[in-house]
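S.K.: Sequence plus the predicted model coming up.
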Amino acid sequence: MTDREMEYTSIGETGLEVSRFCLGCMNFGSDEPWMIGDSEQSKEIIDRAIDLGINFLDTANVYSQGESEEIVGDAISGRRDELVLATKVYGRMREGPNGQGLSRKHVLEQVEKSLDRLGTEYIDLYQIHRWDDSTPVEETLSALDHLVNEGKVRYVGASTMPNWKFQRTLYTADIENYERFVCMQPEYNAVDRHEEANLLPVCEQEGVGVIPWSPLAGGFLTGKYDRDSDPEEGLRADADEYTQNRFTEENWEVLDEIRDIADEKDASPAQVSLAWLLHKDVVDAPIIGPRSVDHLEENVGALRVSLSEAEIERIEAPKRPSWPAKGKD
């Protein structure tokens, strides 16, 4: 794919323009064996993503305990204004009381640390990484509203929770006149479709943008794994149960269809899987997490893959979305 063929859209009903792919930065760190573990290689991926027109980067304070944010901050120095920078808060960042969660104390403490690591005066999109049962939602929304009023945050978003909890945040924000979540990060891909029975209907109804995480199901949908053989050493599924848990018969049936369609279109399974997401009206920008420049360029090439209604039906036929999903909270 040549530079600057990227497509753009708006997050939900906001005026915030983002690329159709968001660069996920969880791989930029060294906490897990499947992460890149090399800051220079990580920066090369960021540089190439920007060359390709990606203007939307997503990280979190908890990714390698701030290492990902530091790498991103170094990589974007001098070109901050052209980018939409997103990070998240909730996970444990230190031991002891108030070291995690969505209390006013933790949120206000962590936003300062994220700003420092990212080398920026403001965060475009600040997201709650998970729901916090121990903190009143009004307290969290009030803290986030304060950050917007202070100019340290431009928009607020959320990630991964049951529909009823997300609806509660939306109506509380409306009633109390707090900043409303403008987007949701759900797990969503061609084999993990449980959010079609949970979060996606409310996002569509409420004008909330959707930026799916794990659009390739932890690498399962790249087609690099096979039914009848163990994962090769060094691949994510060799060490990570998240991907191994995708090895079910109905998921293999989905992948069979994706592989066949990819062969018909001279595309890769990853490109067809990402194209399937791009064809969903509710989806704004899938979060891709490439571990190399080659993977990045392959992923972005999905913009050139067009799927017919019949092909989409072939991909979806083996699965029936339900909530709660098996093995999910």
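M.R.: Now that the structure is in, tell me what you want to look at.

S.K.: The closest residue to residue 289 other than its chain neighbours pairs with what?
M.R.: Here the nearest residue to residue 289 in space, its sequence neighbours aside, is residue 24; by Cβ to Cβ, 6 or more residues apart in numbering that works out to 3.9 Å. All C-beta atoms are positioned from the backbone trio N, CA, C, and that covers glycine. For residue 24, the residues forming beta bridges with it (DSSP bridges) are residue 58.

S.K.: And the strands in the stretch 101-250 of the chain?
M.R.: Secondary structure of the stretch 101-250 of the chain, counting by DSSP state E, counting those that start in this stretch: strands at 123-128, 153-159, 181-185, 209-210.

S.K.: Residue 214: neighbour count?
M.R.: With neighbours defined by other Cβ atoms under 10 Å, the count for residue 214 comes to 25.

S.K.: ah, wrong one, I meant residue 316
M.R.: Summarising burial for residue 316: neighbours were counted as other Cβ under 10 Å, giving 16.

S.K.: now do the one 5 residues further on
M.R.: The local packing of residue 321 (other Cβ under 10 Å) involves 14 other residues.

S.K.: Please report the distance of it from residue 188.
M.R.: Summarising the geometry, the distance separating residue 321 from residue 188, computed by Cβ to Cβ, to the nearest Å, is 10 Å.

S.K.: again, but for residue 29
M.R.: Taking Cβ to Cβ, one finds residue 29 at 23 Å from residue 188.

S.K.: Kindly report the same for residue 270.
M.R.: Counting by Cβ to Cβ, the separation of residue 270 from residue 188 is 15 Å.

S.K.: From the rest of the structure, what touches the helix ranked longest in the chain?
M.R.: In the chain, assigned by DSSP state H, the helix with the most residues is helix 249-265. Residues from elsewhere that reach helix 249-265, judged by Cβ atoms under 8 Å, 6 or more residues apart in numbering: 190-191, 217, 220-221, 223, 227, 267-269, 271-273, 276, 305, 307, 311, 314-319.

S.K.: Using neighbour counts, trim those residues to the buried set.
M.R.: Neighbour-count burial (16 or more other Cβ atoms under 10 Å) applied to these gives 190-191, 217, 220-221, 223, 267-269, 271-273, 276, 305, 307, 311, 314-316, 318-319.

S.K.: Which members of these are positioned in helices?
M.R.: Where these overlap with helices, as defined by DSSP H, the overlap consists of 269, 271, 272, 273, 276, 311, 314, 315, 316.
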